[in-house]
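*Asks:* please work out how this folds:
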Amino acid sequence: MSPDGLMSEDGPSTSLKTLQAFDETVKGKPVDLSKAWTNDFVKKTLATVKA
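*Replies:* Predicted coordinates for the structure are as follows:
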């Protein structure tokens, strides 16, 4: 994660690859990362916080 809470574009796929390396429940299973993670919540929150 970054200091502002936003995840980089390749962050979700990197996390999934790591998880699939040792968790048999997700190994080899299709995961739609666009439904699992977005930065929308973080962006909305950042818009309400003064830096």
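*Asks:* nearest residue to the middle of the protein?
*Replies:* Using Cα atoms, centre = their mean, the residue of the chain that lies closest to the mean C-alpha position is Pro12, 3.9 Å off.
*Asks:* need the contact partners of the stretch of helix or strand it belongs to.
*Replies:* Assigned by DSSP states H and E, Pro12 belongs to helix 11-22. For helix 11-22, contacts defined as Cβ atoms under 8 Å, 6 or more residues apart in numbering pick out 1, 26-29, 31, 33, 36-37. C-beta: built from backbone N, CA, C; applies to glycine.
*Asks:* mind putting those residues in CSV, neighbour count included?
*Replies:* CSV is the format used below for the contacts of helix 11-22 (neighbours: other Cβ atoms under 10 Å):
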residue, neighbour count
Met1, 9
Val26, 13
Lys27, 10
Gly28, 6
Lys29, 10
Val31, 13
Leu33, 12
Ala36, 10
Trp37, 14
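*Asks:* which pair of those residues spans the longest distance?
*Replies:* Met1 and Gly28 (26.6 Å; Cβ to Cβ).
*Asks:* run through who's touching whichever helix or strand Leu46 is part of.
*Replies:* Under the criterion of DSSP H and E, Leu46 resides in helix 40-48. The contact list for helix 40-48, computed with Cβ under 8 Å, 6+ apart, reads 4-7.
*Asks:* ok, stretch 30-38 next?
*Replies:* Surrounding stretch 30-38, the residues in contact under the criterion Cβ under 8 Å, 6+ apart are 7, 11-13, 16.
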